[in-house]
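> The following comprises the amino acid sequence and a computationally predicted model.
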Amino acid sequence: MKKRLFLFIILILAGIVIFAFQKSPDNKTVPSKETPPNETTYSPVTITPEAPSSAEKKSLKPICPDSIWGYGYVYPNETLILAVYPSINYIKNSSLVQVYISGTNFTTTYHTSVLLEMGEIIKGRVSLPFHLEFSSPGKLIGITGDALLLQLWRGRAIIKEKSVPVWLYFHVASIKPDEVHLKFGNYTSRYISFKEGPDAFIYEVTITNLYSKPIVIENVSFPLSEIQVYPKPPDIEVRKFRLVDSMSKKEIHKLLPNSTGILEVSVEVPANVSGIYFKPKLIIRVGTERIAVPGPPMEYIRFAECDE
C-alpha cells in the first residue's frame, strides 16, 4: 500500500515538472520537420504559364504578326512607328524587352513591368511599338529577311531571342512637309483582323486642301510588287479608292480650296499574310502640277494567323 502511494506521488511530481518546463518562456517545443503544423516554408518560385482555355488557345505564338510585308513613302527625318504584339506569357519573366532591326541603329527598349502596366493589351498580347527614321531624300531603303529581332533580357543576360521575317521598303521623298499644302486629319492607323482566309481593309484619311487651287487625287500607290523580287510578294492590292465629301459623304472628283474630304482606299489581303505596313504614295494634281505626297501610316495585323 505504501509503495503504491509513493509511486502515485512520484508521478504527480513528474507531471508538475513537465508542465512547468513547457510553460517556461526560454523553452519552446519544436515540432517535428516531418509534420510541420502551421509552418510556412520558402523556396525558389518558378512561374509556369497557365494552360490556355479553349478561348485562349488562339493567342499562343510568341509574336504577332509572324511576318510583315510593307511599303512606306516617307518624309526625310519623319518618325515612323511600327508595332509587334508579343504574348504576355512569352515576355513576363524578363526584366527588359528590346526590339531592333539587324544591321541598323534602330533599337527600342522597354522595362517589361512598365510595358505590361502601360501598354495596350489585346487578347493576351501587348503592343510593342518601335521607331524608325530615314534621312536621305530620294533613297529607297529595304529591310528584308529575319531582320526584326525581339530580345528578352534578365539582368545582363539574354534569356530569349525571336526573329520576325520582314520585307519592308521605305522610299524617302525629296519633298518636305512644309512644301505640301495639305492637312491630314483623322486616319486609320491600325486594323486588327481575327478572320482567316482572304481579307480586306479600308484605309481612310481626312484631307483638307490648303492650296489656292482644287486638287485631284490621281493615284494611291503601294508598289511593293514592283520592288520586291524574291521571294515573290503576296498580292496585296489596292482595289479602288475614292474621295468623298466630309459632310455629305458623297463621292467627289476634286477637293476645292479650304474644303475637307475623306480618302477611302480598299485593300485586299491574301490568306497567307499576317502583317502589313501601309504608308502609300498619294499622287495629287494641283492645276497642271503633279505632286507625290506621303500618306499617313497604317498597320494591318491578323491575329488569326498567329494561332497555334
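Right, received. Where do you want to start?

> Next, work out how far apart the residue lying closest to residue 231 once chain neighbours are set aside and residue 147 are.
The shortest distance from residue 231 to any non-neighbouring residue, by Cβ to Cβ, 6 or more residues apart in numbering, is to residue 167 (7.8 Å). To be clear about C-beta, it is placed using only N, CA and C from the backbone, and glycine gets the same treatment. Distance, residue 167 to residue 147, using Cβ to Cβ, to the nearest Å: 9 Å.

> hey, what's in contact with both of these two?
Taking Cβ atoms under 8 Å, 6 or more residues apart in numbering as the contact definition, residue 167 and residue 147 share no neighbouring residue.

> circling back to that earlier point, how many residues are close by the residue nearest to residue 231?
By other Cβ atoms under 10 Å, the residues close to residue 167 number 21.

> Quick one: residues contacting it.
67-70, 142, 144, 224, 228, 231, 233.

> mind running it again at 7 Å?
Applying Cβ atoms under 7 Å, 6 or more residues apart in numbering to residue 167 gives the contacts 69, 144, 228, 233.

> repeat for residue 263
For residue 263, the contacting residues are 204-205, 207, 217, 241, 243, by Cβ under 7 Å, 6+ apart.

> Nearest spatial neighbour of it, chain-adjacent residues omitted?
Using Cβ to Cβ, 6+ apart, the closest residue to residue 263 is residue 205 (5.1 Å).

> try residue 161
Counting by Cβ to Cβ, 6+ apart, the residue nearest residue 161 is residue 151, at 5.1 Å.

> got a pLDDT number for residue 122?
Looking at residue 122, its pLDDT is 90.

> Residue 16 too?
pLDDT, read off for residue 16, is 46.

> before we move on, what about residue 159?
96.

> can you pull the buried residues of stretch 288-300?
For stretch 288-300, burial by neighbour count (16 or more other Cβ atoms under 10 Å) applies to 291-300.

> do the same with stretch 241-253
241, 243, 246, 252.

> between those residues, which is closest to residue 261?
Of all the buried residues of stretch 241-253, residue 243 has the smallest distance to residue 261: 4.8 Å, by Cβ to Cβ.

> residues in contact with the closest one?
217, 251-252, 255, 261, 263.

> and which of these is nearest to residue 188?
If you rank these by distance to residue 188 using Cβ to Cβ, residue 263 comes first, at 10.3 Å.

> all strands of the stretch 151-300 of the chain, in order?
For the stretch 151-300 of the chain, the strands defined by DSSP state E, counting those that start in this stretch occupy 157-172, 182-187, 190-193, 199-209, 215-221, 237-245, 251-252, 260-269, 275-279, 281-286, 289-294, 298-302.

> now those strands as CSV including distance to residue 114?
As requested, those are exported to CSV (distance: least, Cβ to Cβ, whole Å):
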stretch, distance to residue 114
strand 157-172, 18
strand 182-187, 28
strand 190-193, 21
strand 199-209, 31
strand 215-221, 38
strand 237-245, 38
strand 251-252, 46
strand 260-269, 33
strand 275-279, 25
strand 281-286, 36
strand 289-294, 31
strand 298-302, 22
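
> Looking at those, which is nearest to residue 63?
strand 157-172 (5.8 Å).

> Just checking: what are the partner strands of the closest one?
strand 68-74 (parallel), strand 140-154 (antiparallel) (DSSP bridges).

> so which of these gets nearest residue 190?
When the strands paired with strand 157-172 are ranked by proximity to residue 190 (Cβ to Cβ), strand 68-74 comes first, at 13.2 Å.

> What are the buried residues along whichever helix or strand comes after the closest one?
Past strand 68-74, further along toward the C-terminus, the next helix or strand under DSSP states H and E is strand 79-86. Residues of strand 79-86 classed as buried under the neighbour-count rule (16+ other Cβ under 10 Å) are 80, 82-86.

> pLDDT at the residue nearest to residue 231, what is it?
96.

> farthest pair in the contacts of residue 263?
For the contacts of residue 263, and using Cβ to Cβ, no pair is farther apart than 204 and 217, which are 13.1 Å apart.

> okay, these two: which has more neighbours?
residue 217 (20 against 15).

> who does that one bridge with?
residue 284.

> if I pick it, what's in contact with it?
By Cβ under 7 Å, 6+ apart, the neighbours of residue 217 are 243, 263, 282, 284.

> hey, what's the second one bridged with?
It refers to residue 263. Here residue 263, judged by DSSP bridges, has bridge partners residue 205, residue 243.

> any idea how far it is from residue 149?
On the measure of Cβ to Cβ, residue 263 and residue 149 end up 35 Å apart.

> Same question for the first one.
Distance of residue 243 to residue 149, given as Cβ to Cβ: 40 Å.
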